[in-house]
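Asker: got a structure for you, letters missing:
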């Protein structure tokens, strides 16, 4: 039997954090956007146990201001890409600057220094990942995906998809179809 899952990574992380904070008796307030406020003081021992217990889930506590900004930028982008039925028409630079109430040039500089890529590139990668999810899980057409991801056309989506993944949309779709039917091999890679 094959099971397919659709998941919300933000919700999963939030639940994991809540469970671990409660497990260690650490009172907190959820401020949203990947930020928790610890109500009161916690011991170094509690902090160490919490840090060790969440690390196995790929969750880290950030104590550097610039790293915090980078993670916040990523959260804003992820929420934008995954939590909206359709991406808004606004530019990513304007959207992030408004959401974070900081200048985009400063945010862009911090992000690039920390990640060695641009905010725009990270945004495109997330859009392509979301496009894959819409094709696989929701079985949307390329035109529908292009509309949801705010591409000017299916051709524009196709161009960016190929540039990012090295595969055309058609080849990607064939691979998924063959995987779902249980086939393997290289015939899915043949270009039209």
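Answerer: In hand now; what should we look at? Given the structure is predicted, the values throughout are model-derived calculations rather than measurements.

Asker: This protein: helices as residue ranges?
Answerer: Along the chain, counting by DSSP state H, helices occupy 9-23, 44-55, 65-82, 92-100, 104-115, 119-136, 142-148, 154-165, 169-181.

Asker: Switch these over to CSV; also include distance to residue 3.
Answerer: C-beta coordinates here come from the backbone N, C-alpha and C atoms, glycine included. Shown next, in CSV, are the helices of the chain (distance: least, CB to CB, whole Å):
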stretch, distance to residue 3
helix 9-23, 17
helix 44-55, 26
helix 65-82, 21
helix 92-100, 35
helix 104-115, 34
helix 119-136, 14
helix 142-148, 24
helix 154-165, 25
helix 169-181, 12
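
Asker: how about the ones you listed in a markdown table, adding mean pLDDT and mean neighbour count?
Answerer: As requested, the helices of the chain are exported to a markdown table (pLDDT from 0 to 100; neighbours: other CB atoms under 10 Å):
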| stretch | mean pLDDT | mean neighbour count |
| --- | --- | --- |
| helix 9-23 | 84 | 14 |
| helix 44-55 | 85 | 13 |
| helix 65-82 | 89 | 17 |
| helix 92-100 | 92 | 16 |
| helix 104-115 | 94 | 16 |
| helix 119-136 | 94 | 18 |
| helix 142-148 | 93 | 18 |
| helix 154-165 | 95 | 16 |
| helix 169-181 | 89 | 15 |
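
Asker: closest one to residue 36 among these?
Answerer: helix 9-23 (6.8 Å; CB to CB).

Asker: ok, residues contacting the closest one?
Answerer: The contact list for helix 9-23, computed with CB atoms under 8 Å, 6 or more residues apart in numbering, reads 28, 30, 34, 36, 50, 53-54, 57, 59, 75, 78-79, 82.

Asker: how far does it sit from the chain's center?
Answerer: How far helix 9-23 lies from its chain's middle: 17 Å, per CA atoms, centre = their mean, to the nearest Å.

Asker: how far off helix 44-55 does it point, in degrees?
Answerer: Taking axes from the mean of the first three to the mean of the last three CA atoms, to 10 degrees, helix 9-23 and helix 44-55 form an angle of 150 degrees between their directions.

Asker: Skipping its backbone neighbours, what lies nearest residue 150 in space?
Answerer: Spatially, and ignoring its direct neighbours in sequence, residue 150 is nearest to residue 87 (3.8 Å; CB to CB, 6 or more residues apart in numbering).
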